[in-house]
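Q: With the sequence up front, the predicted model follows.
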Number of protein chains: 2
Amino acid sequence: MSELLKNVVEEFSNLPGVGRRTALRLSMHLLRRSEAEVEQFVDAVSRFRSQIRYCKRCNNLSDDELCPICSDPRRDRTTLCVVEQVGDVMSIESTGSYKGIYHVLGGVISPMQGVGPSDLGIDMLVDNVASGGVREVIFAIGTSLECETTMFYIKKRLANFPDVRITTIARGIGFGDEIEYADEFTIKHALNNRQTF
Amino acid sequence: MSELLKNVVEEFSNLPGVGRRTALRLSMHLLRRSEAEVEQFVDAVSRFRSQIRYCKRCNNLSDDELCPICSDPRRDRTTLCVVEQVGDVMSIESTGSYKGIYHVLGGVISPMQGVGPSDLGIDMLVDNVASGGVREVIFAIGTSLECETTMFYIKKRLANFPDVRITTIARGIGFGDEIEYADEFTIKHALNNRQTF
């Protein structure tokens, strides 16, 4: 078997969720694209890995010292939304309905996986709250035990700022979701937090 | 959003079967690998696309003019196996039970998709049979209408060589497969071609 093919299949197989069959399919697909297109792919991957930075204010991925959101003067610096992953920022931004700033944890506190507060840039978050005019911190993170622990830890660290309101996003049954398929915690929560119609 | 991230997500999304969510996951995975590892990935992709060739004798992917199989003097040149894809060669080779040579069509005749005999290297195949001492051509390709058409076309082209035996791989119920889940054509064929126990 061709060494060039063997290498590329092996490299694709190292990506998460890509088995040998998919790796072969991806490799064969490269032959259907022009050399210029493949170079463009390769270049995007290479530049991303070597040039990407973390925003020094919010820990989001960034091309520069500050990410486009932190450096945008139109963003509302009084509201700070705490998310777990870069993808969460993208999802919230795509709604166009949030105008505040973010803090990207990059994970949650997990002693099992050796992830502690220092890995999540929580000092940076506290500094932001201390120095800026932040008036509300919104938690837009999960509901697992690790997520809860992380939220309690951050809340404790923010205890010195009693004027800062701490909130979490609403939980309930999603628009278009079937009640039949919702889990019992969600249904219970949705009933307890019912709103006037 | 970071331009570097946007570019890499877009490039991954162009791969077959990769949506935006998977593309983001793959991109974030790159940050967990060392720069050297990512360069190795990028290099394998780039070299594969720019340096890979097609074996001038069997149309398989190759690093050189002839693929490792065609240039191996221990292979039996009297038996030629016709397959559709490079992956099929890999599957057959992995069994270690075939010692002949191959012809890789790279597809099947499909007027709908504009694929004709000239796209499948069938002249090359006929030349191989004409010039070499090929005594058997084995079809190891699918059972769709296009595959059948391709087999009939090749058979017709080989009509000048009445001494060459033309065979197809056996069809039946796979080892470990449940009869319950086999399609009716396979069951019918398996019954009609039953063997003495």
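A: Happy to help now that I have it. Worth saying up front: this structure is predicted, and the values here are computed from it rather than measured.
Q: OK, contacts around the nearest residue to residue A:84 once chain neighbours are set aside?
A: With Cβ to Cβ, 6 or more residues apart in numbering or on different chains as the criterion, residue A:84 has its nearest non-adjacent residue at 4.9 Å, and that residue is residue A:141. Placement of C-beta: from N, CA and C, glycine included. Residues near residue A:141 by Cβ atoms under 8 Å, 6 or more residues apart in numbering or on different chains: A:82, A:83, A:84, A:88, A:105, A:108, A:147, A:150, A:151.
Q: Could you dump those residues into CSV and include pLDDT and neighbour count?
A: Shown next, in CSV, are those (pLDDT from 0 to 100; neighbours: other Cβ atoms under 10 Å in any protein chain shown):
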residue, pLDDT, neighbour count
A:82, 96, 23
A:83, 96, 24
A:84, 94, 20
A:88, 93, 18
A:105, 95, 24
A:108, 93, 22
A:147, 94, 18
A:150, 95, 25
A:151, 95, 20
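Q: mind listing what's buried in stretch A:124-138?
A: A:124, A:125, A:126, A:128, A:129, A:134, A:137, A:138 (16 or more other Cβ atoms under 10 Å in any protein chain shown).
Q: In this structure residue A:16 contacts residue B:25, no?
A: Yes. Residue A:16 lies in contact with residue B:25 (Cβ atoms under 8 Å); the separation is 6.6 Å.
Q: what does the longest strand anywhere in chain A contact?
A: As assigned by DSSP state E, the longest strand anywhere in chain A is strand A:76-83. By Cβ under 8 Å, 6+ apart, the residues outside strand A:76-83 that reach it are A:89, A:92, A:98-105, A:125, A:128-129, A:132-141, A:154.
Q: Can you tell me which of the contacts of residue A:141 is nearest residue A:53?
A: Residue A:53 lies nearest to residue A:105 out of the contacts of residue A:141, by Cβ to Cβ, at 17.1 Å.
Q: residues near the nearest residue to that closest one once chain neighbours are set aside, how many?
A: Distances taken as Cβ to Cβ, 6+ apart place residue A:120 nearest to residue A:105, at 4.3 Å, with adjacent residues excluded. Residue A:120 has 23 neighbours, counted by other Cβ atoms under 10 Å in any protein chain shown.
Q: Now do the same for residue A:120: its pLDDT.
A: Predicted confidence (pLDDT) for residue A:120: 93.
Q: Give me the phi and psi angles of it.
A: The phi/psi pair for residue A:120 (degrees, to the nearest 10) reads phi -110, psi 10.
Q: Report the residue spans of chain A with pLDDT below the cut-off.
A: In the prediction, chain A carries no residues with pLDDT under 70.
Q: other SSEs contacting whichever strand or helix holds residue A:31?
A: If you go by DSSP states H and E, residue A:31 is part of helix A:20-32. Applying 3 or more Cβ pairs under 8 Å, 6 or more residues apart in numbering or on different chains; DSSP states H and E, we find helix A:20-32 packed against helix A:3-13, helix B:35-51, helix B:86-95.
Q: got the contact list for it?
A: A:5, A:8-13, A:15, A:18, A:38, B:15-17, B:45, B:48-49, B:52, B:85-87, B:90.
Q: what about residue A:97, is that helix, strand or coil?
A: coil (DSSP: H, G, I helix; E, B strand; the rest coil).
Q: Give me the neighbour count for it.
A: There are 7 residues near residue A:97, going by other Cβ under 10 Å.
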